[in-house]
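[1] Got a sequence here, can you build the structure:
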Amino acid sequence: MVGCTKERGLSEVIGFLMIVSLLTILFSMYLLYVVPIQGRDAEISHMKYITQEFIGLKADIDGLIINNKINMPIARSFELGTLSSVGMGSLSIMPVNSFVEASGVLMVNEQNDFLSVNVSGDMVNLSDLPPIKPALPELPPKVLEIKCNDQGECQSTPGHFNLSERFYNITVKKTFFLTDNGRVTYPGTAHFYLNNTTSNPPYNDSTVMYLKERSDLVLEIFQNSTPHPGGFISEKTLIENITFGKNYTYNLFKDNDIIPNNTSDYYEINTDEFIESDAYSPHTVTTKVEKFPPRIGSFQYESNNRYWVNQNLLYEMGGLFLNQPADGGSSIMLIPSIALTPVQNVSRDPNPEYPLRVSIHNIRITDTEDISGSVSAQIFCKLDKINQNIFNSTQTASDYGSSPTSASLWKMREGETQNAYAIWLQFIPDDPRVTSSSTRTSRVLTTEEKELMSDTVKIWKRGFDQVKTITNKTLSDNSRKNPEIGEYTNWYYSFFMETNSGSTDPMFPPYSANLVIGKNAPNIKDSCPSETTTTAEACKKELYEFMLAKPADKSDWFILDYMDSEVSLVMQSGAL
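    Numbering: from 1, shown residues only. Just a heads-up that it's a prediction; the model follows:
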């Protein structure tokens, strides 16, 4: 009996050890396989979430710009980590851990790249214009003073004016609105019967309502055409429920519905009517007004994933770029704000023309701040400035790092006719040697710095190429209307440029991505191949000559819409 008891006890111990061993294997497999899979799935979901937030932020910024909502802040929240805390429990001596959450870093202007814009077309130097003429009779003052004496004398003198393609008329309109079931009566108001069962007093509250009269100051908008005015477009109530005998003021030139781009001082005191048509003439200008081109700024997120590949998202000039630093992979999530589209010139019916319209939106991001961690961060976005077809530029081109001539404010001719014949965008990655707009240290780039600059330029070159792919698709779809539309596919050329990156000479950047648009853009291929290295100096010379070579035929020009915007991003930690 004693032997049997010992054998049974030994069997129980062995069984217990086997169970413990099995549990150990199971928990080991859980830690080795299940936990990493959970962590990977959480990080994949989080990166999808971050990507959608970036797309949403781009939509927010585009919405502010399209609606010209200057100084209107928009807030958006970003969760920097995988939204999972580390959990720990214990089972006997075996600890059980969940996956360790990832963290991330949000940055504004950590990568502060340059963009030089060179334009050739019909322009006027605003500093060369004669003194501003007195306001034309049909143009109201900047601040409209309104004295409402009675129904017939409640608008400014004059009560109508022209601005570009619109005719505006200020008038007083009577508005009638229903009161609440006739419970309150107003002397002299009209009666509105809900049915015809009651035609004489006393009125039943359920069958009659009363109309109250109100006078509103209204802005009517028409087409500025002959006969004058043209077709009615819309109307806007400026001041509701005017009290006669009272003074009012209304700043017309701060009204987004009247002046769609009102952030430039020029637009507040000048309109197209003040510039004679013959004041415009062909000029070539560049936005590099100091030693280095203007910076466009960036907004980016860098992940710190533990179970999945790290990904970096970069928002620049309306484009969204994705980079995986571990394997060097990259993709273009959203193309930069560049579009080429043929437009129908309806004035040439029944044989309309389809000139090329080039739309470029240079969105520059200001402010600098970093936020890192696994908690949330709030982003406040605000539009500070919009300029339409106005360039702060120099007329004589200067090399990267050299001092330019004095800058002026240039305005490009606007309208539906061709106003430009060449444009050259040169994207230059953030140069760590440039410490200010006029200062650069003299040293050779490190290998890591050169690789970062080269990778950034290649991503932007791919972004330019995707714009061309979309453009060619648009052109091919429209070529059925007019075979000449297909020829526009040759008006676009992009290339990557690499100069002597081992030199300390600042006269030209070591890397750049270049986009050229114009009738003869492909002609620069010989001097500027797709990957320009040894021919960089010859390429630069060819580019300058291309910008100055004005086509004799105006049909070889295109319509340029260029917009320059400043957007400030402010970040604040939002951890609970």
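
[2] alpha carbons only for contacts and neighbour counts from here, please
    Will do.

[3] Following element in sequence after the host helix or strand of Tyr544, please.
    Counting by DSSP states H and E, the element that carries Tyr544 is helix 536-548. For helix 536-548, the following helix or strand on the C-terminal side (DSSP H and E) is strand 559-573.

[4] strand partners of that following strand, parallel vs antiparallel please.
    With DSSP bridges as the test, strand 559-573 is paired with strand 356-366 (parallel), strand 376-388 (antiparallel).

[5] elements contacting the helix or strand following the shortest one?
    Next helix or strand after strand 356-366 toward the C-terminus (DSSP H and E): strand 369-373. Using 3 or more Cα pairs under 8 Å, 6 or more residues apart in numbering; DSSP states H and E as the contact criterion, the secondary-structure elements in contact with strand 369-373 are strand 103-108, strand 559-573.

[6] If we use 10 Å, what do you get?
    The contact analysis (3 or more Cα pairs under 10 Å, 6 or more residues apart in numbering; DSSP states H and E) places strand 369-373 against strand 103-108, strand 299-304, strand 559-573.

[7] mind listing what it pairs with, with the direction of each?
    Assessed with DSSP bridges, strand 369-373 is paired to strand 103-108 (antiparallel).

[8] what angle do whichever helix or strand comes after the strand it pairs with and strand 356-366 make?
    Remark: after strand 103-108, the chain's next helix or strand is strand 114-125, criterion DSSP H and E. Angle between the axes of strand 114-125 and strand 356-366 is 120 degrees (criterion: axes from the mean of the first three to the mean of the last three Cα atoms, to 10 degrees).

[9] which other helices and strands contact strand 114-125?
    Against strand 114-125 (3+ Cα pairs under 10 Å, 6+ apart) you get strand 281-286, strand 356-366, strand 390-393, strand 408-412, strand 420-428, strand 511-518, helix 536-548, strand 559-573.

[10] let's see it at 8 Å
    Secondary elements touching strand 114-125 (3+ Cα pairs under 8 Å, 6+ apart): strand 281-286, strand 408-412, strand 420-428, helix 536-548.

[11] Return the most buried member of these.
    Most buried of those by mean neighbour count (mean count of other Cα atoms under 10 Å) is strand 420-428; its value is a mean of 24.

[12] What residues sit buried inside whichever helix or strand comes after that strand?
    The helix or strand immediately downstream of strand 420-428 is strand 434-436, counting by DSSP H and E. Residues Val434 are the ones in strand 434-436 that count as buried (16 or more other Cα atoms under 10 Å).

[13] what pairs with strand 434-436, and is each one parallel or antiparallel?
    Strand 434-436 pairs in its sheet with strand 439-440 (antiparallel), by DSSP bridges.

[14] averaged over its residues, what pLDDT does the helix or strand following the strand it pairs with have?
    The C-terminal neighbour of strand 439-440 among helices and strands, as given by DSSP H and E, is helix 447-478. Per-residue pLDDT over helix 447-478 has a mean of 88.

[15] swap in stretch 279-298?
    Here the average pLDDT along stretch 279-298 is 91.

[16] Ile44 and Phe380: what is the separation?
    26 Å (Cα to Cα, to the nearest Å).

[17] typed the wrong thing, it's Thr439
    31 Å.

[18] So for those two, which residue has more residues nearby?
    Neighbour tally, Thr439 and Phe380, criterion other Cα atoms under 10 Å: the higher count belongs to Phe380, 16 against 13.

[19] Relative to Thr368, which of the helices and strands packed on strand 114-125 is closest?
    Nearest to Thr368, of all the helices and strands packed on strand 114-125, is strand 420-428, at 19.3 Å by Cα to Cα.

[20] by contact count, what packs against that closest one?
    Partner elements for strand 420-428 (3+ Cα pairs under 8 Å, 6+ apart): strand 114-125, helix 447-478, strand 511-518, helix 536-548.

[21] make it 10 Å
    Packed against strand 420-428, as judged by 3+ Cα pairs under 10 Å, 6+ apart, are the following elements: strand 114-125, strand 281-286, strand 356-366, helix 447-478, strand 492-498, strand 511-518, helix 536-548, strand 559-573.
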